[in-house]
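A.B. asks: pasting the sequence and the predicted coordinates here, then a few questions.
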Amino acid sequence: MSGLLSNLSTADFKGMSDSVSDAMQGVSSVATSGDLRAALKNLPRLLSALHQLTKTLNTDADKAGEVVDDAHGAIAALHDTLESAQGVVSPHAPLTVDLAEALSDVDKAAIAVRELADFLRRNPHAIVAGTKPRGAGQ
């Protein structure tokens with residue numbers, strides 16, 4: 001107990017009291033400041049704006065989710081279309097083979113028409129007389 005009394009007798013109560021008093025004055029100064037009053041006055045408006053912002057963000061997030069879902073659907077449809085198109089334009093697809101044969105036939109017909117035109121240019125009388133040589137049996 002004498003140790004406790006010894007510690008109490010050497011304690012700086014005046015310094016502690018002054019320190020607590022300074023701290024209380026600081027708290028009082030902040031609590032009574034005009035800036036704090038203005039901030040507290042604007043707090044309801046700020047909270048309302050924050051609430052509205054949160055609501056808007058939630059709505060926008062929902063819309064973004066719908067857009068993403070629509071984009072996924074469009075990509076899936078495009079994928080299906082490309083697969084169908086690949087089946088049509090594949091080198092072994094029936095349409096491609098038929099088209100190649102038709103183009104070959106058109107090419108052959110164009111060559112035949114060109115040869116006929118050359119022949120008629122050289123032998124214009126063949127239109128009237130025909131292509132059989134003179135004197136051939138009938």
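C.D. replies: Right, received. Where do you want to start? Residues are numbered from 1 along each chain as shown.
A.B. asks: and residue 48, what element?
C.D. replies: Element membership for residue 48, per DSSP states H and E: helix 34-89.
A.B. asks: tell me what that helix is packed against?
C.D. replies: Where contact means 3 or more C-beta pairs under 8 Å, 6 or more residues apart in numbering; DSSP states H and E, helix 34-89 is packed against helix 94-122. (C-beta placed from N, C-alpha, C; glycine too.)
A.B. asks: what is the rounded mean pLDDT of the helix it packs on?
C.D. replies: When pLDDT is averaged over helix 94-122, the result is 87.
A.B. asks: mind checking what helix or strand follows that helix in sequence?
C.D. replies: Using DSSP H and E, the helix or strand that directly follows helix 94-122 along the chain is helix 126-129.
A.B. asks: what's the angle between the helix holding residue 48 and helix 94-122?
C.D. replies: Helix 34-89 and helix 94-122 are oriented at 60 degrees to each other (axes from the mean of the first three to the mean of the last three C-alpha atoms, to 10 degrees).
A.B. asks: distance from the chain centre to helix 34-89, please.
C.D. replies: Going by C-alpha atoms, centre = their mean, to the nearest Å, the spacing between the C-alpha centre of helix 34-89 and its chain's C-alpha centre is 13 Å.
A.B. asks: list the contacts of residue 50.
C.D. replies: Going by C-beta atoms under 8 Å, 6 or more residues apart in numbering, residue 50 touches no other residue.
A.B. asks: sorry, that was for residue 53
C.D. replies: When contacts are counted by C-beta under 8 Å, 6+ apart, residue 53 touches no other residue.
A.B. asks: any idea how far residue 102 is from the residue nearest in space to the middle of the chain?
C.D. replies: What sits nearest the mean C-alpha location of the chain, by C-alpha atoms, centre = their mean, is residue 71, with 7.8 Å. Taking C-beta to C-beta, to the nearest Å as the measure, residue 71 and residue 102 are separated by 40 Å.
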